[in-house]
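Participant: I would like to see how this sequence folds:
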Amino acid sequence: MESINAALIEQGFTKDERLSILTRRAERELTLLEEVKALQEVKKLEIKERKPKT
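Facilitator: Coordinates of the predicted model:
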């Protein structure tokens, strides 16, 4: 985020504009992380179901 903020400063964005852009970016990243976590859980369940029961 710091590098993105630095790039936005260089491009002349105001503090409020940068905050808005960085907030949206952080929200998107959080959503993606949650989706990846959900996919990993599904894969765990699939693997668990494939294991032969003893």
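Participant: Give me the buried positions along the lengthiest helix in the chain.
Facilitator: The longest helix of the chain (DSSP state H) is helix 15-50. Residues of helix 15-50 classed as buried by neighbour count (16 or more other C-beta atoms under 10 Å): 18, 22. All C-beta spots, glycine's among them, are computed from the backbone N, C-alpha and C.
Participant: 21 is where my numbering starts, stick with that
Facilitator: Let's use 21 as the start, then, which means that last one is helix 35-70.
Participant: Mind giving me the packing neighbours of that helix?
Facilitator: When contacts are defined as 3 or more C-beta pairs under 8 Å, 6 or more residues apart in numbering; DSSP states H and E, helix 35-70 packs onto helix 22-30.
Participant: Who are the packing partners of the helix it packs on?
Facilitator: helix 35-70.
Participant: neighbours around residue 25, how many?
Facilitator: Residues lying near residue 25 (other C-beta atoms under 10 Å) number 16.
Participant: hang on, it packs against residue 38?
Facilitator: Yes - the pair residue 25 and residue 38 qualifies as a contact (C-beta atoms under 8 Å) at a distance of 5.9 Å.
Participant: and the direction of the lowest-mean-pLDDT helix or strand in the chain versus that of helix 22-30, what angle?
Facilitator: Every helix and strand in the chain was compared by mean pLDDT, DSSP states H and E; the lowest is helix 35-70, with a mean of 94. Computed with axes from the mean of the first three to the mean of the last three C-alpha atoms, to 10 degrees, the direction of helix 35-70 lies at 150 degrees from that of helix 22-30.
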